[in-house]
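Novice: the following block contains a protein sequence and its predicted model.
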Amino acid sequence: QLQLVESGGGLVQPGGSLRLSCVLSGQNFDYWGIGWFRQAPGKEREGVVCWSSHVGSTTYSDSVKGRFTFTRDPAKNTVYLEMNNLKGEDTGVYFCAAEWYASTCDENMSYWGKGTLVNVSA
């Protein structure tokens, strides 16, 4: 059973940066699709970035392209979301999710973390 644990959220001023982490317990990255999602207050959850191991691709939503970067450290079974030039609309709970052999990321992914809160405010 794969477990995902996010961390790194917090309060940050507009224009600031944060790095979120997601540890995948008991698994390496081979053949997994891993995504970061977020849910703003009063809104539906949306995809932010999707990485597919076997396809070898990383896809970003238009709202974060150029500001957010997905990285991974296989030795630590950890993926990261580097967030720069943060805006108020980036506020929300950020989740990581995983699905075996996924090429894309969506709400049907089998494994989810509990989320970490990012609050972008002056």
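Specialist: Received the coordinates, thanks.
Novice: contacting residues around the residue nearest to residue 18 when sequence neighbours are not counted?
Specialist: Leaving out its chain neighbours, the residue that sits closest to residue 18 by C-beta to C-beta, 6 or more residues apart in numbering is residue 83, at 5.0 Å. (Each C-beta comes from the backbone N, C-alpha and C, glycine too.) Neighbour list for residue 83: 17-20, 64, 67-68, 90, 118 [criterion: C-beta atoms under 8 Å, 6 or more residues apart in numbering].
Novice: tell me the confidence at residue 42?
Specialist: What the model reports as pLDDT for residue 42 is 94.
Novice: which strand or helix spans it?
Specialist: Following DSSP states H and E, one finds residue 42 outside all helices and strands.
Novice: the helices in this protein, which residues?
Specialist: In the chain, no helices are defined using DSSP state H.
Novice: from residue 112, how far off is the residue most central in space within it?
Specialist: For the chain, residue 36 is the residue whose C-alpha lies nearest the centre (C-alpha atoms, centre = their mean; 2.4 Å). Distance of residue 36 to residue 112, given as C-beta to C-beta, to the nearest Å: 11 Å.
Novice: shared neighbours of these two, anything?
Specialist: 95-97.
Novice: report how many residues lie close to residue 64.
Specialist: 22 (other C-beta atoms under 10 Å).
Novice: thanks again, I'm all set now.
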